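K.L.:
Can you look at this prediction? I've put the sequence above it.
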Amino acid sequence: MQMIIKNWFRWLGVPLILILISAAFVIYVVNNPGGAMAARSLTYQNVLRYLREHVHLVFVALGLATAVGVPAGILLTRPKLRRIGKVVENIVNVGQTIPSLAILALFYVYLGLGFRTGVFALWLYCILPILRNTYAGIKSIEPGIIEAALGMGMNPVKILTRIELPLSYPVIMAGIRTAVVICVGTATMATFIGAGGLGDLIVTGLSVRRTIIILTGAFLSAMLAIILDYILGQVEQYLTGRDVNS
């Protein structure tokens, strides 16, 4: 019974506490905005709308990045594409150094304003750590393990699903968790291309010089990143059997 309660708390207790802290913070700032100008922005309706837009941006971009980045990383480790794998890895590493605001601005020029442009730019920025970690995780497996599997008569599909992916899973998950944090933070800049999100609160606070509005957007963004990273950490622990959050 104690083990069940402990597992329940690890999965739901910590995120629930963080959500309650965030809710208490929102209630406080809405009821104590510190001025009429801030009160017009800090309403329950506005804050929930910005948060919903932010979560939508993050989930769509991250889902697409995972769906493309993991298979692409796997393909680059296959014998026929292994020659270009290192080249792609170097390109990905260079791409990660490009400022996120520059990527958003670049796609704004070609795709215009709106949610789709924000998702596309975030997807491109988030796919980099996922693809890189997937490639690096599979490449780090000792060749002797693969040779032993071939000697046992395992075909490439079984080697991938039973050996390569399980062994590289922690590295792949580390890339996904990194992408989550990057995506949540970068999504605040999507406000500059009309994609909405918590960045609207931050920009509004800067425009009217109200610190409480800026803090609200920044605080909720940070809490969202912490909650998502923690949940993914628990998923990783469940699938690999090791404690990643302790």
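P.N.:
Arrived safely.
K.L.:
Now stretch 68-82: average pLDDT?
P.N.:
Averaged across stretch 68-82, pLDDT comes to 87.
K.L.:
May I have the distance across that stretch, first residue to last?
P.N.:
Using CA to CA, to the nearest Å, the end-to-end distance of stretch 68-82 comes to 18 Å.
K.L.:
what distance separates that stretch from the middle of the whole chain?
P.N.:
A distance of 21 Å separates the centroid of the chain from that of stretch 68-82, by CA atoms, centre = their mean, to the nearest Å.
K.L.:
and if you look at stretch 46-60?
P.N.:
With CA atoms, centre = their mean, you get 14 Å for stretch 46-60.
K.L.:
swap in stretch 176-186?
P.N.:
3 Å.
K.L.:
so what's the residue most central in space within the chain closest to, chain neighbours aside?
P.N.:
Centroid-nearest residue in the chain: Val180, 1.3 Å away (criterion: CA atoms, centre = their mean). Computed as CB to CB, 6 or more residues apart in numbering, the closest residue to Val180 that is not its neighbour in sequence is Leu228, at 4.9 Å. From N, CA and C alone the C-beta is placed, and that goes for glycine too.
K.L.:
what helix or strand is the residue nearest to the centre of the chain on?
P.N.:
Taking DSSP states H and E as the definition, one finds Val180 inside helix 165-187.
K.L.:
Which neighbouring elements make contact with the following helix or strand past that helix?
P.N.:
The helix or strand immediately downstream of helix 165-187 is helix 199-208, counting by DSSP H and E. Helices and strands touching helix 199-208, by 3 or more CB pairs under 8 Å, 6 or more residues apart in numbering; DSSP states H and E, are helix 36-41, helix 44-76, helix 211-240.
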